[in-house]
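**Student:** Sequence plus the predicted model coming up.
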Amino acid sequence: MGLSEHGVGPGDRVLLYAGDSPHWAAAYFAILARGAIVVPLNPNSTPEQLDRIAASADPKLVVSSRRRLWPATPMAALELEAAGEALGTMAEAPGGEVGPRGLAEIVYTSGTTGDPKGVMLTHANLLANLEATAEAVPLRAEDHVLSLVPLFHMYGQMTSLLCPLWHGSAVTYLPSPSSRVIRETLAHTPATHLIAVPDFLNRVMDRLEAKLAPIPRLVRPLLRVPIRARISRTLRVVLCGGAPLDPEVEGKWRALGLEVLQGYGLTETSPIISANTRDAHRLGSVGKPLKGVEAKLTPDGEILVRGPNVTPGYFRDPARTQEVFQDGWFRTGDAGRLDEEGFLYVFGRKKYVILGAGGENVYPEDLEAELKKVPGVKDSAVVGLEEAGRTFIHAVLLGDDCDGDAVIAEANRHLAPHQRIMRWSLWPEPDFPRSATRKVKKEEVIRWLRSFQEATPRVTGTVTPLVRLIAEVTKHDPRLIHEGTRIVPELGLDSLSRIELVSRIEEDLQVTIEEQQITAQTTVAELAAHIRGTPGPAPLPTRYPRWSLSRWAAALRPPAQRLLFFWWLWRRCELSSSGTDQLHALKGPVIFMANHRSFLDAPLIVRVLPTRLGLRLGIAAETDALYGKFWWFAPIADLAFNSYPFPTEIEGNIKPGLEYTGRLLDDGWNVLVFPEGGLNRSNQPLHALKGGAGVLAVEMQVPVVPIAILGSEKILPPDSGLRPRRGRVHIRFGAPIGAPRNPSYADATQAIEHALRGVIEQG
């Protein structure tokens with residue numbers, strides 16, 4: 001069912017609950033096309049938070065992904081991917097005309113654990129900000145944007161959805177932006193613009209400088225060109241926002257030859273207020289106000305904003321709306337200054353809103369409301385404390401005999417990952433310092449915290465590679481990290497640094513673990529034990545892009561096939577095929593999945609494939625076989641058939657093979673996979689397929705074509721010692737299987753196996 005079948009029309013609120021993807025963008029525009037209002041949600045929100053927002057928004061429908069089903073109170077739902085397909089087929093006619101003053105979005109920026117606050121944004125707000133942003137940071141149709149900012153965030157929507165589409169530029173989204181994934185994406189994607197938050201730039205620069213530490217300072221400037229090339233050969237501009245960027249870090253990135261353009265804004269301003277541009281830039285500032293936007297300061301330094309991008313107010317909340325407007329000017333709650341040339345400098349949040357590492361706003365009152373629900377807690381004060389370039393969420397508890405660990409653990413169970421409290425202290429007096437209106441004087445609390453000396457943890461005798469790695473990620477002295485240290489609460493491991501830690505463990509220690517395996521209670525000793533018990537991955541022997549994908553390799557491939565293989569097959573094999581007519585309608589990339597009876601199977605399939613498919617084909621090869629036992633033959637296979645290593649589930653981590661396959665498909669290549677996981681040396685026509693077949697089908701979302709290879713084991717049996725015989729081989733192509741709608745890998749594997757057996761057993 002589409003949006004119209006659910007009765008969605010002008011003025012209806014539709015919750016959009018999913019991770020970043022092109023489907024998210026399709027659903028966004030489909031909702032607007034109906035005249036309805038988009039309510040984008042953080043996919044990491046807890047069910048309780050989602051229920052509160054849903055109660056406030058009173059939605060008609062929730063659009064959620066098949067991979068992230070709606071976890072809260074049941075309501076009418078539409079699958080995200082189905083909404084995208086409906087838009088693609090033009091099945092959704094506009095539901096009615098909405099004027100410029102009509103609402104386009106309601107974005108909830110706080111109240112996820114308390115009273116929800118929904119920012120209303122009109123079509124006129126978004127268009128005004130889009131026009132001004134597009135003028136400040138012009139893109140070209142040939143540019144390519146890589147986004148590391150979530151689409152539920154207005155910063156992500158404006159910079160990596162609306163602006164690129166305005167200019168006709170390509171965009172790449174990363175649902176799981178770990179350091180390794182970002183690095184590999186930059187290596188193979190011709191990204192010209194990167195949308196990031198300061199924490200990412202800080203971390204990358206820290207790692208670069210750590211690697212440069214042994215190199216004399218006089219030599220380092222000579223390495224700028226190779227360093228930039230290693231990051232990306234195409235990247236020119238980095239757009240940074242969502243939190244303050246250290247001017248020193250900005251200067252280091254600019255020294256690499258990259259243009260860093262820092263901006264500033266709020267959800268209430270659609271969201272961009274000001275931005276540095278190529279022609280007008282000041283290090284440390286957030287640029288000049290955009291065209292049509294006015295900014296001024298109150299006597300005490302608060303930034304006020306006025307313009308067509310400013311929200312009309314908060315949804316069904318006139319009291320809050322009245323509070324944030326002063327004589328027609330919007331009160332940002334931020335302190336700053338304007339220099340004589342009109343450049344804006346932002347000092348920080350006056351109301352103590354904590355800017356998370358990922359650019360999310362963390363509102364202390366939400367966390368304090370959750371803490372007060374825990375027995376024994378009389379009151380609390382949550383603040384953000386900066387340390388070594390990072391912001392830690394710190395809770396100061398007021399109560400008698402509070403078990404701080406238990407209190408924080410209970411509160412964190414009800415908070416989203418970006419909201420979770422990292423550290424805590426007990427207030428030593430009967431009550432907090434308070435104002436005349438009984439508000440906690442947080443400045444005094446912060447001063448006390450900064451002067452308060454906590455007990456020094458015991459020191460380890462040796463610094464292990466894991467401890468050193470944890471210290472680098474969390475920016476702690478490795479000598480103060482011991483086996484009993486709980487990594488999350490004691491070292492302040494937030495959601496972004498958790499991804500970083502997992503990526504570093506995979507990269508440096510060659511062990512793959514999941515983020516969820518590092519919990520709030522995980523100690524260093526427990527993580528070390530888990531790593532020791534986890535087999536390391538079989539890494540790809542070469543990195544993407546590989547020489548076999550180059551133009552010269554593609555040009556040499558057909559003659560290499562004829563010279564090295566096809567003449568030989570012609571003399572020993574009577575080859576025939578059927579079902580190729582079913583391939584004519586295939587327009588995009590496709591995954592071929594075949595049974596595997598002989599080492600000749602891949603060349604035989606290539607020989608009968610239509611030229612347009614065969615010339616853009618990559619072949620997944622068992623890592624231990626081709627790149628282990630027959631390593632000497634691997635370069636020949638790479639040249640002639642564009643083979644690449646794909647670890648089996650027995651060999652260990654299949655993630656590198658899956659990611660490489662995904663990159664091939666993204667670049668328009670077709671892929672041939674043998675899903676039995678190895679040669680079938682039995683008398684059975686087909687072994688049970690490995691689970692990776694279902695993973696490929698579900699994750700890649702491209703058609704799967706089953707292929708039956710009949711008779712190849714008679715030409716070159718697996719145990720023949722590579723001594724061929726003469727015989728007949730028939731290759732039969734089955735009907736393409738569409739991308740599965742069911743997210744279950746097991747069900748997808750079973751469906752592919754059923755189809756493949758059917759093709760093998762035909763006539």
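**Tutor:** That came through, no problem.
**Student:** pLDDT weak spots in the stretch 101-250 of the chain?
**Tutor:** Applying pLDDT under 70 to the stretch 101-250 of the chain flags residues 110-114.
**Student:** what about 80?
**Tutor:** 110-115, 175-180, 199, 203, 242-244 (pLDDT under 80).
**Student:** which stretches of it form strands?
**Tutor:** Along the stretch 101-250 of the chain, the stretches classed as strands by DSSP state E, counting those that start in this stretch are 103-110, 117-122, 144-147, 170-173, 193-196, 237-240.
**Student:** quick check, distance from stretch 118-136 to the centre of its chain.
**Tutor:** 25 Å (C-alpha atoms, centre = their mean, to the nearest Å).
**Student:** Send me that stretch as CSV with only the CA atoms.
**Tutor:** Taking C-alpha atoms only, stretch 118-136 is exported to CSV below (Å, rounded to 0.1, in the frame of the first residue of the first chain):
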residue,chain,number,x,y,z
GLY,A,118,8.7,20.0,17.9
VAL,A,119,10.2,22.7,15.6
MET,A,120,7.8,23.6,12.8
LEU,A,121,9.5,24.4,9.5
THR,A,122,7.5,25.6,6.5
HIS,A,123,8.2,25.1,2.8
ALA,A,124,9.1,28.8,2.7
ASN,A,125,11.6,28.3,5.5
LEU,A,126,13.4,25.4,3.7
LEU,A,127,13.4,27.1,0.3
ALA,A,128,14.8,30.3,1.7
ASN,A,129,17.6,28.4,3.5
LEU,A,130,18.2,26.2,0.5
GLU,A,131,18.6,29.2,-1.9
ALA,A,132,21.0,31.0,0.5
THR,A,133,23.0,27.8,1.2
ALA,A,134,23.3,26.9,-2.4
GLU,A,135,24.7,30.4,-3.2
ALA,A,136,27.2,30.3,-0.3
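**Student:** What are the buried residues along that stretch?
**Tutor:** Neighbour-count burial for stretch 118-136, counted by 16 or more other C-beta atoms under 10 Å, picks out 118-134, 136. All C-beta spots, glycine's among them, are computed from the backbone N, C-alpha and C.
**Student:** Need the winner for burial among the strands of the stretch 101-250 of the chain.
**Tutor:** Mean neighbour count (mean count of other C-beta atoms under 10 Å) peaks for strand 193-196 among the strands of the stretch 101-250 of the chain, with a mean of 24.
**Student:** For that strand, name the packing helices and strands.
**Tutor:** With contacts taken as 3 or more C-beta pairs under 8 Å, 6 or more residues apart in numbering; DSSP states H and E, strand 193-196 sits against strand 144-147, strand 237-240.
**Student:** would you turn those into TSV with distance to residue 19?
**Tutor:** Below are the helices and strands packed on strand 193-196 laid out as TSV (distance: least, C-beta to C-beta, whole Å):
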stretch	distance to residue 19
strand 144-147	12
strand 237-240	21
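**Student:** Residue 716 is nearest to which of those strands?
**Tutor:** strand 144-147 (44.4 Å; C-beta to C-beta).
**Student:** and the closest one, what does it pack onto?
**Tutor:** strand 170-173, strand 193-196.
**Student:** mind saving the C-alpha coords of that strand as CSV?
**Tutor:** Listed next in CSV are the C-alpha coordinates belonging to strand 144-147 (Å, rounded to 0.1, in the frame of the first residue of the first chain):
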residue,chain,number,x,y,z
HIS,A,144,29.9,14.2,-5.6
VAL,A,145,28.9,14.7,-1.9
LEU,A,146,29.8,12.1,0.8
SER,A,147,27.7,12.6,3.9
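**Student:** so how far is that strand off the chain centroid?
**Tutor:** 12 Å.
**Student:** and residue 713, backbone torsions?
**Tutor:** phi -70, psi -20 (degrees, to the nearest 10).
**Student:** what would the helices and strands packed on strand 144-147 look like in TSV with distance to residue 270?
**Tutor:** Shown next, in TSV, are these (distance: least, C-beta to C-beta, whole Å):
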stretch	distance to residue 270
strand 170-173	19
strand 193-196	16
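**Student:** Residue 567 is nearest to which of these?
**Tutor:** So among the helices and strands packed on strand 144-147, strand 170-173 is nearest, using C-beta to C-beta, at 42.1 Å.
**Student:** What helices and strands are in contact with that closest one?
**Tutor:** strand 144-147, helix 163-167.
**Student:** Dump the strands of the stretch 101-250 of the chain into a markdown table; add distance to residue 406 as well.
**Tutor:** Converted to a markdown table, the strands of the stretch 101-250 of the chain look like this (distance: least, C-beta to C-beta, whole Å):
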| stretch | distance to residue 406 |
| --- | --- |
| strand 103-110 | 26 |
| strand 117-122 | 30 |
| strand 144-147 | 39 |
| strand 170-173 | 39 |
| strand 193-196 | 37 |
| strand 237-240 | 39 |
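**Student:** quick one: pLDDT of the nearest residue to residue 468 once chain neighbours are set aside?
**Tutor:** Spatially, and ignoring its direct neighbours in sequence, residue 468 is nearest to residue 478 (5.2 Å; C-beta to C-beta, 6 or more residues apart in numbering). At residue 478, the predicted lDDT confidence score is 80.
**Student:** Helices of the stretch 51-200 of the chain, residue ranges please.
**Tutor:** Using DSSP state H, counting those that start in this stretch, the helices of the stretch 51-200 of the chain run over 80-88, 123-136, 154-157, 163-167, 179-188, 198-212.
**Student:** what's the answer for the stretch 201-350 of the chain, then?
**Tutor:** 224-231, 247-255, 318-323.
**Student:** One more: the stretch 501-650 of the chain?
**Tutor:** With DSSP H, counting those that start in this stretch as the criterion, the stretch 501-650 of the chain has helices spanning 524-532, 551-561, 567-572, 601-608, 611-614, 623-624, 634-641.
**Student:** Check which helices and strands the fourth one sits against.
**Tutor:** For helix 601-608, the helices and strands in contact under the criterion 3+ C-beta pairs under 8 Å, 6+ apart are helix 567-572, strand 573-578, strand 591-594, strand 617-622, helix 634-641, strand 704-710, strand 727-733.
**Student:** Out of those, which is closest to residue 79?
**Tutor:** Nearest of these (C-beta to C-beta): strand 704-710, 20.2 Å.
**Student:** Convert that closest one to PDB, retaining C-alpha atoms only.
**Tutor:** Only the C-alpha atoms of strand 704-710 are listed here, as PDB (Å, rounded to 0.1, in the frame of the first residue of the first chain):
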ATOM      1  CA  VAL A 704      19.900 -12.500  -8.400                       C
ATOM      2  CA  VAL A 705      20.100 -14.900 -11.400                       C
ATOM      3  CA  PRO A 706      20.400 -18.600 -10.600                       C
ATOM      4  CA  ILE A 707      22.700 -20.500 -13.000                       C
ATOM      5  CA  ALA A 708      22.900 -24.300 -13.400                       C
ATOM      6  CA  ILE A 709      26.200 -25.700 -14.700                       C
ATOM      7  CA  LEU A 710      25.600 -29.300 -15.900                       C
END
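**Student:** between that strand and strand 727-733, how big is the angle?
**Tutor:** Relative orientation of strand 704-710 versus strand 727-733 (axes from the mean of the first three to the mean of the last three C-alpha atoms, to 10 degrees): 160 degrees.
**Student:** Check the offset of strand 704-710 from the chain's centre.
**Tutor:** Its chain's average C-alpha position is 34 Å from that of strand 704-710, according to C-alpha atoms, centre = their mean.
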